[in-house]
Each structure stands twice: as structure tokens, then as C-alpha cells.
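Engineer: 3D model of this:
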Amino acid sequence: MEETAATTARVLEASGISKTFPGVKALENVSLTLNKGEVLSLVGENGAGKSTLTKVLSGLYRTDHGVGSIKLNGELVHFQNAKEAKDHGLITIFQELSLVKGLTVAENVFLGNLPRTKFNLIDWHTLREQTRNILAEMGLDISPDELAGDLSISKQQMVEIARAFTLGAKVLIFDEPTSSLTETEKEILFKIIHTLREKGVGIIYITHKMDEVFEISDRITVLRDGKNSGDLNTSTAKLDDIISLMIGRVIDDYFHKNEAEKGKEILRVEQLSSAGLFKDINFSVRQGEVVGLYGLVGAGRTELAETIFGARPVTSGKVLIEGQDVRIKDTGDAVRLGLGFVPEDRKEKGVVLKMSCIENTSIAKLPWMSNYGFLREKEEKEIFKEYKDKLSISTPSPQQQVVKLSGGNQQKIVIAKWLCLNPRLLILDEPTRGIDVGSKAEIHKLIAKLAESGIAVIVISSEMPEIMGVSDRIMTMREGKISGEFTGDDITEQNLITAIAHVN
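Structural biologist: The predicted model follows:
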């Protein structure tokens, strides 16, 4: 990205930041600088300390024994909470959004700062007009009067950013901002970031997506194991350099292609439809095969997977397992038939965050692990140890709450939950969303191993390099229908883009 005059002035400087939790040194002597009008990408593996550092900067955490310093525009600051940070112009857009869903867009944008009349009543006209102007400046087609709870997750995120406009942000921190955005929405977000940059706002951009790092940032700060690992200029940085700084090694085989022989047909769907979601879907998956489902958000990929797994009703058509026509009325039927499903949102649908690692691993197998209502604890421990070793799950204890694990290890717990049932078919919906490059490579290798063990695998991914890198065959979807099927040399970016966008 080109330099601007605004990048010459320091807006934020953090020095010697350390933070310890019981048994864990999350940050150790970490430093970070940010200039006005600069976009700094903060990268690192899950557990590297990015979120902890963000929360220290935002006033949510305090450093160990007051050691270290934070300067904003050259002034030493000691934020006691997030409100103090916001009052000083340091605002964070977290993955977990903080909108009041029962209020309108306008009320959320100016929450805590509502315009008033001379009689100290809310000036509703000014509120709507100012919100409308901000949204227009951001290029957003959102009504100020719409309830925040009625918006899509992506539009709720845009409303959070609009709120930052009203607070006079000097520093804006984005935590995985595109995790729920379509490509079009991502382009809008990047235009907003460029606008903020031109206004002199300093931006810290946290992401696991390396293409975004190179597209949006001026500089890159890398954390590893709670410490500074390196600082790079984006214009001269190479991907291998960043990955090496993040994980301490070079990944030689980022995508591990499946070499398994294809066996008997495990799944076939014929003319499968679910009203309003998808129509007349036909495809099959064989033993040892990895079939990718690729398409734009809203194309019907997740809905198709959920229907096969019994989480949505079938309107018409057939599902056949090993040639037998089956009626999957609910997810329990799917499990009994040997199907497993790793959902897109692991925190909401994949794990029980407050439960332990061992409890989450065995939860799907509980009906087969008890005698007269009593859990066979020895068997439960053996299962957890087996998959902890097989999947290289990093946890200090089987009793550790899953909420305290990194995203990559949470994902491995979800996969372990299904593998202990010895499934015939495993569906993986966005299996590497929100996890770091090192863990992504591990998941990619695991997908190949699953196929090599004879499991039929369906992978849904919005990342083109990933879907191309792990799949033997790719089915594309557009507007609820299969729009293409590709194997071998026909799996190209151009073919996939043409199929999902219906470009002629």
C-alpha cells in the first residue's frame, strides 16, 4: 500500500506488556507501535496472545503488576475499562458483537451519545439524519429505523463500525472482521478502512487470512507464544517469512492431497430438495473420497449439509446410505446411520464451551458408553487419550474447559467427538474458519488421513485455495442448485468462479 503523510505521526505505542493468567503466561514483554493513517496487521497462531493484547489495549485487562506502558498520541494512559478507552478514541470491534438488538440502527450507532433537544429530549430527527449520513459515507444501504436484531451478522458488524465514526476513533482495532462477510461485504469493509485511513485513523487488523494481510496492511507485527516474533513491511514481506515467524518453522505441505483409493458408494442424494433452500440436488460420495462443496454465501451449501444430517426437513427426493433408501428425520437418525457433522459455528453448535475436553469428546457417544445410566469412565478416558494423541490436541488437562482452548484445538475436539463413533461419512463445514495457518495445515492433513482410513468426506469451504487443495472432486452451488462438477485438471479458479457466478 502507498504511504501517506499521516503515517509519519505515532498514534499508539505499547511497551513491555505482560499478562499472566493462572498457569499461563499469555503475554511477555510485548511491544507494538501504530502510526496515524496506518493499517497494522497483527498476526499469530491461536494462543499467540493477539486477543489478550487487544483486551489490554482496550482496557478490559490490566497488565501484570502495572508493568509496561501504553501511550495514545504521546500521552501515557491507564485505562480501567473499555469505556475509558473509547472515551480516549481507542475502539475495538470484537468478533462477538455488542449491539443492543432490540434498539434501532440509529439508537445503536449513537448509543450513550444520543443527540438532544434544548429541552434535553432525544432529538429523533437529528438522530436519524446523522445516522443516515454516516451510513451513506460508509456506502451502506441500511435504514436507521431498522432493528439491529433484524440485520444479518455482517450488517450488524457494519453498524458497530458506524458507531466508531460517532465516537471520533483515533485507533480502531478489528478482530477477525471478515469471518462472517461475503466477498462483496468484504470489499465494502476495505473501502471503509481506506476512508478511515485517509482520515488519519490508526487501524490494527487481526486476521488469520494471509491474503487479507497483504491486501489491506502497511506493516505486520507477528506474535508467537505471547512474545514479539517479528515486524515486517508488507510491501517486502513474503508469506513463508510470516508463517515461519508465526510457528517457528516453514510449512512444506500446506495442502495435503488425498491419495486414498476410492471404495464403495457411501452417500447418494437424488433430486433432494428443501423448500426455499435448495432444489433437485444430485451427487454421491464414495469411501475414501473428499468431495468439496463450493459457492457464495447463501448458495445453499450449509443448508444442504444440514438437511442430509437431519437438522432440516426434506421436502422431496431421496437420501441413500450404501445404496439403501433411508429416512433421516433428525440428527439422531443420522448419527445411528454413521454420519458425523462438524458445523461452521463450532462455538454455538460444535462444542459445549463450559464443559471439559473429555466431556465434549465423548458427548456424542454417551448412549453407547453407559451401563444402566452409569458412565463407563475408564472407557471415556481411553477414548479421550486416543484422540488427543491422534489429533495432537493441546490441552493441559482432560478436565480443561473447552472455552479456554485455542480455536484450532476446539476444532480438533469437535472432530474427535465424531471420529470416536467411527463414522462412514463426515461432513466438515468451514473446517478451518477462525484458526491459524499452522492449525489449518494440520486440519488439511487430517482430512486426507480421514479419507485414507476409508471415511467418505464432504468439505464445505469459502476459501478457494482450500477447497481446491483438499478435494478430489468439487461440486459448485449457486442459488440452491448444483451449477458444476469438477475433477482433476478441470479444478481451476476460472472454472469455479464461472460456475458459482454464472459468468458466460
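
Engineer: Every contact and neighbour count from this point should use C-alpha atoms.
Structural biologist: OK.

Engineer: hang on, L60 in a strand?
Structural biologist: No: counting by DSSP: H, G, I helix; E, B strand; the rest coil, L60 falls outside a strand, being coil.

Engineer: Check the secondary structure at N495 for me.
Structural biologist: helix.

Engineer: Now for it, how many residues are close by?
Structural biologist: 15 (other Cα atoms under 10 Å).

Engineer: For this protein, name the helix or strand with the lowest mean pLDDT.
Structural biologist: Within the chain, judged by mean pLDDT, DSSP states H and E, the helix or strand with the poorest mean is strand 370-371; its value is a mean of 78.

Engineer: pLDDT score for the most centrally placed residue in the chain?
Structural biologist: With distances taken as Cα atoms, centre = their mean, the chain has G434 as the residue nearest its mean C-alpha position (3.1 Å). pLDDT for G434: 72.

Engineer: Assess the claim that R268 and V319 are in contact.
Structural biologist: Yes: counting by Cα atoms under 8 Å, V319 is a contact partner of R268 at 6.0 Å.

Engineer: So which of these two has more stuff around it?
Structural biologist: V319 (23 against 20).

Engineer: And the residue lying closest to that one once chain neighbours are set aside, how close does it get to A499?
Structural biologist: Counting by Cα to Cα, 6 or more residues apart in numbering, the nearest residue to V319 once its immediate chain neighbours are dropped is V269, at 4.6 Å. From V269 over to A499 the distance is 21 Å, taken as Cα to Cα, to the nearest Å.

Engineer: Who has more neighbours out of those two?
Structural biologist: Using other Cα under 10 Å as the criterion, V269 and A499 rank with A499 on top: 22 against 19.

Engineer: close enough to count as contact, that one and S483?
Structural biologist: Yes: with contact defined as Cα under 8 Å, A499 reaches S483; the gap is 5.7 Å.

Engineer: what is in contact with these two at once?
Structural biologist: 476-477 (Cα atoms under 8 Å, 6 or more residues apart in numbering).

Engineer: Which of the three states applies to the residue nearest to the centre of the chain?
Structural biologist: coil.

Engineer: List the contacts of it.
Structural biologist: 176, 179, 208, 407.

Engineer: Which of the helices or strands spans the third one?
Structural biologist: When you say that, I think you mean H208. Assigned by DSSP states H and E, H208 belongs to no helix or strand.

Engineer: Please parse the protein into its domains.
Structural biologist: Structural domains assigned to the chain are 5-247, 260-338+425-504, 349-422, following automatic domain parsing.

Engineer: where in this structure is pLDDT low?
Structural biologist: For the chain, residues meeting the criterion pLDDT under 70 lie at 1-8, 23, 46, 95-96, 180, 182, 249-258, 501-504.

Engineer: Recalculate using a threshold of 50.
Structural biologist: 1-7, 503-504 (pLDDT under 50).

Engineer: Kindly provide the distance from C357 to F341.
Structural biologist: 18 Å.

Engineer: Name the residue in these two with the higher neighbour count.
Structural biologist: The neighbour comparison of C357 against F341 (other Cα under 10 Å) goes to C357, with 29 against 24.

Engineer: Pull the contacting residues for the more buried one.
Structural biologist: 397-402, 413.

Engineer: hmm, try it at 6 Å
Structural biologist: 398-400, 402 (Cα atoms under 6 Å, 6 or more residues apart in numbering).

Engineer: Show me which of those residues are buried.
Structural biologist: Buried by 16 or more other Cα atoms under 10 Å: 398, 400, 402, out of the contacts of C357.

Engineer: Using CSV, please lay out those together with distance to E289.
Structural biologist: Formatted as CSV, the buried ones among the contacts of C357 follow (distance: Cα to Cα, whole Å):
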residue, distance to E289
P398, 32
Q400, 34
V402, 31
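
Engineer: can I assume V335 sits in a strand?
Structural biologist: No: assigned with three-state DSSP, V335 falls outside any strand and is helix.

Engineer: Next one: it from A364, what distance?
Structural biologist: In terms of Cα to Cα, V335 sits 8 Å off from A364.

Engineer: tell me which residues of stretch 292-300 are tucked away?
Structural biologist: For stretch 292-300, by 16+ other Cα under 10 Å, it's 292-297, 299-300.

Engineer: nope, stretch 170-188 is what I was after
Structural biologist: 170-178, 180-181, 185-186, 188.

Engineer: which residues are in contact with that stretch?
Structural biologist: With Cα under 6 Å, 6+ apart as the criterion, stretch 170-188 contacts 89-95, 154, 201-207.

Engineer: can you dump the C-alpha coordinates of that stretch into CSV?
Structural biologist: Written as CSV, here are the backbone C-alpha positions of stretch 170-188 (Å, rounded to 0.1, in the frame of the first residue of the first chain):
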residue,chain,number,x,y,z
LYS,A,170,-8.2,7.6,16.8
VAL,A,171,-7.4,3.9,16.9
LEU,A,172,-9.7,1.2,15.6
ILE,A,173,-9.0,-2.5,16.3
PHE,A,174,-10.7,-5.1,14.1
ASP,A,175,-10.7,-8.7,15.4
GLU,A,176,-11.3,-11.1,12.5
PRO,A,177,-13.7,-8.7,10.8
THR,A,178,-14.4,-10.7,7.7
SER,A,179,-15.2,-14.0,9.3
SER,A,180,-19.0,-13.6,8.6
LEU,A,181,-18.8,-11.4,5.5
THR,A,182,-19.4,-12.2,1.8
GLU,A,183,-16.8,-11.1,-0.7
THR,A,184,-19.0,-8.1,-1.6
GLU,A,185,-19.3,-7.1,2.0
LYS,A,186,-15.5,-7.5,2.5
GLU,A,187,-14.9,-5.1,-0.3
ILE,A,188,-17.2,-2.6,1.4
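
Engineer: next one: that stretch to chain centre, how far?
Structural biologist: 11 Å (Cα atoms, centre = their mean, to the nearest Å).

Engineer: can you pull the contacts of E289?
Structural biologist: 262, 451, 456.

Engineer: hmm, 8 Å instead?
Structural biologist: 258, 260-262, 451, 455-457, 472.

Engineer: Could I have the CA atoms of stretch 65-75 written out in PDB?
Structural biologist: Extracted in PDB, the C-alpha atoms of stretch 65-75 (Å, rounded to 0.1, in the frame of the first residue of the first chain):
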ATOM      1  CA  HIS A  65       1.600  -5.500  38.500                       C
ATOM      2  CA  GLY A  66       1.200  -2.400  36.400                       C
ATOM      3  CA  VAL A  67       4.300  -3.300  34.400                       C
ATOM      4  CA  GLY A  68       4.500  -1.900  30.800                       C
ATOM      5  CA  SER A  69       3.100   1.300  29.300                       C
ATOM      6  CA  ILE A  70       0.500   2.400  26.800                       C
ATOM      7  CA  LYS A  71       0.700   5.800  25.100                       C
ATOM      8  CA  LEU A  72      -2.000   7.300  23.000                       C
ATOM      9  CA  ASN A  73      -0.900  10.300  20.900                       C
ATOM     10  CA  GLY A  74       2.200  10.500  23.100                       C
ATOM     11  CA  GLU A  75       0.100  10.700  26.300                       C
END
